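# Can you look at this prediction? I've put the sequence above it.
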Amino acid sequence: MTNKSLLTITRPDDWHIHLRDGVQLKDTVRDASRYMGRAIIMPNLVPPATCTETAMAYRERILAARPEGSQFEPLMVLYLTNNTTPEEIKKAKATGHIVAAKLYPAGATTNSDSGVTDIENIYPVLAAMQEVGMLLLVHGEVTDSSIDIFDREKVFLETKLAKIVAKFPDLKVVLEHITTQDAVEFVKAASDNVAATITAHHLLYNRNHMLAGGIRPHFYCLPILKRNIHQQALIAAATSGSKKFFLGTDSAPHAKDKKEAACGCAGSYTAHAAIELYAEAFEEAGALDKLEAFASFNGPDFYNLPRNTDTITLTKAEWQVPDSYPLGDGTVVPIKAGDKMTWQVG
Ligand SMILES: NC(=O)N[C@@H](CC(=O)O)C(=O)O
Ligand SMILES: [Zn+2]
Ligand SMILES: [Zn+2]
């Protein structure tokens, strides 16, 4: 339902989020579970969740960190390494709680050092995933230091992902947090087994927001914000009505001092206002009527899970984002810190 000041949609889910661990968990889970029904929980912990036991133990810690009465459901993901076995995939799948495995090319992003060094190393694992129906989630960037950082996603599609989807046509693949027109085109041209998540920050911002008139470290995330034409292509994809694109915030908190540093960490925090940020982007594009499918239908449909059956309501009401939020024993500076937002849930 839409009218001038209210927007009611089926309860959304977040198909890509980092909740971290330890003392940070109660803060990240509180924000993530505010209205998201489920979330795909990224496994790039230190050390990463590489086996069924560690992923399931992490799930228990997340469940324990939920606010009283919360029904928030964490959907777990195995972190693929060169040593992952097909047996581990089958064991993980049998739990019913581990729904995907994540390919981090080694060194591509935050906590990816244990990732896969050569994708051919995991072909037997991908075959097992295809067989049991476990999704492959991909951080799609090459790590070759000779490739320009702004080209790493495009080169990954051409040199790596094209091979994977050709060799494993029945494997369901989600290209995570896409940032380029090239990725939009790749996903559109691929079979129905290939989809993509899009973050709110890649819909709202381009590299000028990060680099023009001063460097703004809280916009620094991977894959890095690209030029405006890519932002426009992402907006067009998200609002197109195509079932291949869905909500994944990639909300990735780092403590303030780890971002505001000579060598700052990659990752932007958006879970404090996830659907509100997407609503601003969709409204700006004149496509608020497309938000529900993107946020609440396309994800569960692709994962073969039921859609949520209840609703949330966004209200057109201005509020100011705090300068920071607590994050364990430190703080995190969220996207739009100190700025006004125009949609509110509640
Ligand atoms: N997106 C990021 O810039 N950072 C993520 C990792 C990731 O999703 O690549 C993180 O864990 O901090
Ligand atoms: Zn990533
Ligand atoms: Zn991520």
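Nice, thanks for sending it over. Ligands and ions are numbered 1, 2, ... in the order given.

# Tell me if A281 really is in a helix.
Yes - membership of A281 in a helix is supported by DSSP: H, G, I helix; E, B strand; the rest coil.

# okay, it: pLDDT?
A281 carries a pLDDT value of 98.

# Surely it touches Y205?
No - with contact defined as CB atoms under 8 Å, A281 does not reach Y205; the gap is 9.7 Å. Where you see a C-beta, it was placed from the backbone N, CA and C, and this is true even at glycine.

# mind listing what G346 touches?
Counting by CB atoms under 8 Å, 6 or more residues apart in numbering, G346 makes contact with T313, T315.

# What of L7?
Counting by CB under 8 Å, 6+ apart, L7 makes contact with M1, A279, L288, L291, T313, L314, K316, W343.

# Neighbour count for A281 and Y205, which is higher?
Neighbour totals were compared for A281 and Y205, and A281 leads with 24 against 21 (other CB atoms under 10 Å).

# Quick check: closest non-adjacent residue to that one.
L203 (3.9 Å; CB to CB, 6 or more residues apart in numbering).

# which SSE is the one you found in?
In the assignment (DSSP states H and E), L203 maps to helix 200-204.

# can I have that helix written out in CSV, keeping just the CAs?
Extracted C-alpha coordinates of helix 200-204, given in CSV (Å, rounded to 0.1, in the frame of the first residue of the first chain):
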residue,chain,number,x,y,z
ALA,A,200,21.6,0.8,-0.2
HIS,A,201,24.9,2.8,-0.2
HIS,A,202,25.7,1.8,-3.8
LEU,A,203,22.3,3.0,-4.8
LEU,A,204,22.6,6.3,-3.0
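
# so how far is M76 from D113?
Distance of D113 to M76, given as CB to CB, to the nearest Å: 21 Å.

# Mind checking what secondary structure F302 has?
Going by three-state DSSP, the secondary structure assigned to F302 is helix.

# That one: neighbour count?
Neighbours of F302 (other CB under 10 Å): 22.

# how close does it get to T8?
Noted for F302: a distance of 23 Å to T8, by CB to CB.

# ditto for L247
17 Å.

# between these two, which one's more packed in?
More crowded of L247 and T8, by other CB under 10 Å: L247, with 25 against 13.

# For ligand 2, what's its nearest residue on the protein.
Residue nearest to ligand 2 within the chain: H139 (3.6 Å; CB to the ion).

# Tell me how far that residue lies from R38.
Noted for H139: a distance of 21 Å to R38, by CB to CB.

# Of the contacts of L7, grab the buried ones for PyMOL.
Burial among the contacts of L7 is assessed by 16 or more other CB atoms under 10 Å; the matching PyMOL selection reads:
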select buried, resi 279+288+291+314+343
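
# Can you lay out the contacts of L7 as JSON lines showing distance to N83?
Formatted as JSON lines, the contacts of L7 follow (distance: CB to CB, whole Å):
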{"residue": "M1", "distance to N83": "50"}
{"residue": "A279", "distance to N83": "43"}
{"residue": "L288", "distance to N83": "46"}
{"residue": "L291", "distance to N83": "41"}
{"residue": "T313", "distance to N83": "47"}
{"residue": "L314", "distance to N83": "45"}
{"residue": "K316", "distance to N83": "51"}
{"residue": "W343", "distance to N83": "45"}
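
# could you list every residue that touches the closest residue to A233 other than its chain neighbours?
Closest residue to A233 apart from its sequence neighbours, by CB to CB, 6+ apart: Q181 at 3.6 Å. Shown in contact with Q181 (CB under 8 Å, 6+ apart): I229, H230, A233.

# show me what contacts the first one?
What that stands for is I229. Counting by CB under 8 Å, 6+ apart, I229 touches Q181.

# same check, this time on the second one
Shown in contact with H230 (CB under 8 Å, 6+ apart): T179, T180, Q181, N206.

# hmm, 7 Å instead?
T179, T180, Q181 (CB atoms under 7 Å, 6 or more residues apart in numbering).

# Alright, calling it a day.
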